[in-house]
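Q: Predicted model follows, preceded by the sequence.
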Amino acid sequence: MRRVILAFVGTVAGLVVLLSFKTHSTSAAATPPAAIGGTSGQASAPAAAPSASDSSSASSSSKASSSPSSVAGAAKTVTGAVTDTIYGPVEVQITVKNGKVTAAQAVQYPQDSPRDQQINSYAIPVLNQEAVSASSASIDAVSGATYTSGGYITSLQSALDKAGV
C-alpha cells in the first residue's frame, strides 16, 4: 500500500512540474521590421534592384577603388555577391570609410515564410552589428540561423574583397 501511495504522489508531483513549465515567448515575431532597416538606417529598396545594376555598380566601385589616393576619406558603398542558401538568397551591402566598415546591411535575405521572417528578424541585425564591429568576415554565425549566417558571411567577404578591405 505504501508503494502505491508513493507512486501516486510521485506521478502527481511530476504532472504539476510538467504543467507549470513555461516556455519563453517569441517576441521576435512581433518585430520583423527591425531586420529590414539594418544598422545603417537605410530602407531595403536596394533589394528590389535588378542584379544587373548590382554587378555594374560593383564593377564601377571596384574601378573607383583602383585610385584610393584621390578620395582617401570618402565613404564607399559596395554590394557583395548574392549567395544562394537552401532557404533563399542572401546579399550584403557595406559602407567602408578609411578601410573600416562603418555600416553593413543585408539587402536580400530569406523572407518567404513566417518562420524565415521570425528567424531573420533577430539574426540579420546581429549579423549587421557583428560585421561593423569586426570590419571583417570573421564573425560568428547566429544560432538558429546557420544557413542565413553562412550566406551572409560569404556575401560579406565578397563585398569586402570588392571594397579592397
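A: All right, it came through fine.
Q: Just the helices from the chain, written as ranges.
A: 2-20, 33-37, 51-64, 114-134, 146-163 (DSSP state H).
Q: Of those, give the one that comes closest to residue 102.
A: With Cβ to Cβ as the measure, helix 114-134 is the member of these nearest residue 102 (6.9 Å). Where C-beta positions appear, they are placed from N, C-alpha and C, glycine not excepted.
Q: list the buried ones in the closest one?
A: Buried residues in helix 114-134, counted by 16 or more other Cβ atoms under 10 Å: 116-128, 130-132.
Q: From those, pick the one nearest residue 163.
A: Nearest to residue 163 among the buried residues of helix 114-134 is residue 131, at 12.1 Å by Cβ to Cβ.
Q: which residue sits closest to that closest one, ignoring its sequence neighbours?
A: Here the nearest residue to residue 131 in space, its sequence neighbours aside, is residue 104; by Cβ to Cβ, 6 or more residues apart in numbering that works out to 3.8 Å.
Q: Okay, and the beta partners of that neighbour?
A: With DSSP bridges as the criterion, residue 104 is bridged to residue 94.
Q: show me where pLDDT drops low in this structure?
A: 23-72 (pLDDT under 70).
Q: about what we covered before: deepest-packed of the helices of the chain, please.
A: For the helices of the chain, the largest average neighbour count (mean count of other Cβ atoms under 10 Å) is found in helix 146-163, namely a mean of 22.
Q: which outside residues touch that one?
A: Residues outside helix 146-163 that contact it (Cβ atoms under 8 Å, 6 or more residues apart in numbering) are 58, 61-62, 65, 76, 78-87, 89-94, 96, 101, 104, 106, 109-110, 119-120, 123-124, 127, 131, 136-137, 139-142.
Q: before we move on, back to that, and the buried residues of helix 114-134, which is closest to residue 15?
A: Using Cβ to Cβ, the buried residues of helix 114-134 come closest to residue 15 at residue 118, 31.0 Å.
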